[in-house]
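Q: Pasted the sequence and its predicted model underneath.
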Amino acid sequence: MKKRLSVLLALTLTVSILCTGLAGCGKSGTQEKNLTKVTLNEVAHSIFYAPQYVAIEEGYFEEEGIDLDLVTGFGADKTMTAVLSGEADIGFMGSESSIYVYSQNPGDYIVNFAQLTQRAGNFLVAREPMENFQWSDLRGSSVLGGRKGGMPQMVFEYILKKNNLDPETDMDIDQSIDFGATAAAFSGGQGDFTVEFEPGATTLEREGVGYVVASLGVDSGYVPYTAYSAKQSFIEENPELIQGFTNALQKGMDYVQNHTPEEIAQVIAPQFEETDLEDITTIVTRYYEQDTWKENLIFEEDSFTLLQDILDEAGELEQRVPYEDLVTVEFAQKAADR
């Protein structure tokens, strides 16, 4: 018995030494002692950003030498503040925020280096099923909307104007409710319609108090909805770190492009412990079928021009800003070419 224990102890010690001295024994086979901590502040924690969570759960950031600290900002204004103050290294939010900052202070401005989503991720929810919904059905109604100047609200207004509706006179849009609280307000009886991200839309449907009648992502067309950005100085000082971060994201994008919604849902489920797997699968399928995620992370100039067009139409653009100043495609291009 003693001999057997001695053998087992010797084997355990040998494995321990090999794990410590060679390549580590984690899922991705990376050496944790060599990881660089990076704080990422995301605008919201949503299944809409599935490729990012795939990259986290599959260990792609560790493979690139990154120890990712994920923080949720709960709003683009808070995420941008975290990046500008140095509380976060990288921000993930609507790129309109970088335009606002550049217009106010073109010093150490925010540069977008990777675009994740190419469609809006929210849905219009009604109180009753409307199989033949038309946007004109909103005329004379009350709608729970988003923050003035934010991408969700601007894309919503962009769609309304495309359908010959005036957001100010043809309906009452309530913009007083905090981000993330509109589903609860709608469930409590406020509004005839509400514009919801997931899992809010699916939750309202499951509870029988709301019904998805339109996808803003489908009806707005391709829009550069969310992107990763950092201060110009941080990117210049840490190009290898930004490249590794972008590489990890591209691996997440590749996974999403080559796997089913069911497989994607299984991988990202640990990120959404309060949402059951069936709902996660339903939500991923919605986003998957409307071509939400790009094949690569390259933020094209045409997309940036469209973004400024939307801002201009919403009355939120003081002046046009140079694409070359606020977007770099260097890292996304290299990640795509790997």
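A: Arrived safely, thanks for sending. Numbering: from 1, shown residues only.

Q: the strands in the stretch 1-150 of the chain, which residues?
A: Under the criterion DSSP state E, counting those that start in this stretch, strands of the stretch 1-150 of the chain are mapped to 36-42, 66-72, 90-93, 110-117, 123-126, 142-144.

Q: Identify whichever of those strands lies nearest to residue 338.
A: Smallest distance to residue 338 across the strands of the stretch 1-150 of the chain (CB to CB): 13.8 Å, for strand 110-117. All C-beta atoms are positioned from the backbone trio N, CA, C, and that covers glycine.

Q: Quick one: the strands of the stretch 1-150 of the chain as a markdown table, columns for mean neighbour count, mean pLDDT and distance to residue 136 too.
A: Below are the strands of the stretch 1-150 of the chain laid out as a markdown table (neighbours: other CB atoms under 10 Å; pLDDT from 0 to 100; distance: least, CB to CB, whole Å):
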| stretch | mean neighbour count | mean pLDDT | distance to residue 136 |
| --- | --- | --- | --- |
| strand 36-42 | 19 | 98 | 35 |
| strand 66-72 | 16 | 98 | 36 |
| strand 90-93 | 27 | 97 | 32 |
| strand 110-117 | 24 | 97 | 28 |
| strand 123-126 | 24 | 97 | 13 |
| strand 142-144 | 20 | 98 | 13 |
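
Q: Could I get these in a markdown table, plus columns for distance to residue 172?
A: As requested, these are exported to a markdown table (distance: least, CB to CB, whole Å):
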| stretch | distance to residue 172 |
| --- | --- |
| strand 36-42 | 31 |
| strand 66-72 | 30 |
| strand 90-93 | 28 |
| strand 110-117 | 29 |
| strand 123-126 | 15 |
| strand 142-144 | 4 |
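
Q: just for the stretch 1-150 of the chain, where's the confidence low?
A: 1-33, 105-106 (pLDDT under 70).

Q: Spell out which residues sit in contact with the residue most central in space within the chain, please.
A: Note on the chain: the residue nearest the mean C-alpha position is residue 49, at 4.0 Å, using CA atoms, centre = their mean. Each residue near residue 49 by CB atoms under 8 Å, 6 or more residues apart in numbering is listed here: 42, 92, 116-117, 226.

Q: and those residues, which two are the farthest apart?
A: Greatest spacing in the contacts of residue 49, by CB to CB: 42 and 117 (12.1 Å).

Q: residue boundaries of the strands in the stretch 201-338 of the chain?
A: 211-215, 226-231.

Q: Tell me which of those strands is the most buried.
A: Of all the strands of the stretch 201-338 of the chain, strand 226-231 carries the top mean neighbour count, a mean of 26, counting by mean count of other CB atoms under 10 Å.

Q: Need the residues that contact that one.
A: Contacts of strand 226-231 with the rest of the structure, by CB under 8 Å, 6+ apart, involve 40, 43, 48-49, 83-84, 89-95, 97-98, 108-117, 121, 151, 242, 245-246, 249, 297, 299.

Q: Give me the sheet partners of it and which way each runs.
A: When pairing is defined by DSSP bridges, strand 226-231 lines up against strand 90-93 (antiparallel), strand 110-117 (antiparallel).

Q: How far does the last one sit from its chain's centre?
A: Computed by CA atoms, centre = their mean, to the nearest Å, the chain-centroid distance of strand 110-117 equals 11 Å.

Q: Likewise for the shortest one?
A: Average the C-alpha atoms of strand 90-93, do the same for its chain, and the two points are 9 Å apart (CA atoms, centre = their mean).

Q: ok, back up a step: ok, which of the strands paired with strand 226-231 comes nearest residue 60?
A: strand 110-117 (13.6 Å).

Q: And the helices in the stretch 101-250 of the chain, which stretches?
A: Applying DSSP state H, counting those that start in this stretch to the stretch 101-250 of the chain gives helices spanning 151-162, 182-187, 200-207, 216-220, 232-237, 239-257.

Q: Just the CA trace of the fourth one, in CSV.
A: The C-alpha coordinates for helix 216-220 follow below in CSV (Å, rounded to 0.1, in the frame of the first residue of the first chain):
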residue,chain,number,x,y,z
LEU,A,216,-34.9,46.8,-36.3
GLY,A,217,-31.8,44.9,-37.6
VAL,A,218,-33.7,43.7,-40.7
ASP,A,219,-35.6,46.9,-41.4
SER,A,220,-32.7,49.3,-41.0
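
Q: Could you list every helix and strand that it packs against?
A: Under the contact criterion of 3 or more CB pairs under 8 Å, 6 or more residues apart in numbering; DSSP states H and E, helix 216-220 touches helix 151-162.

Q: Alright, I will stop here.
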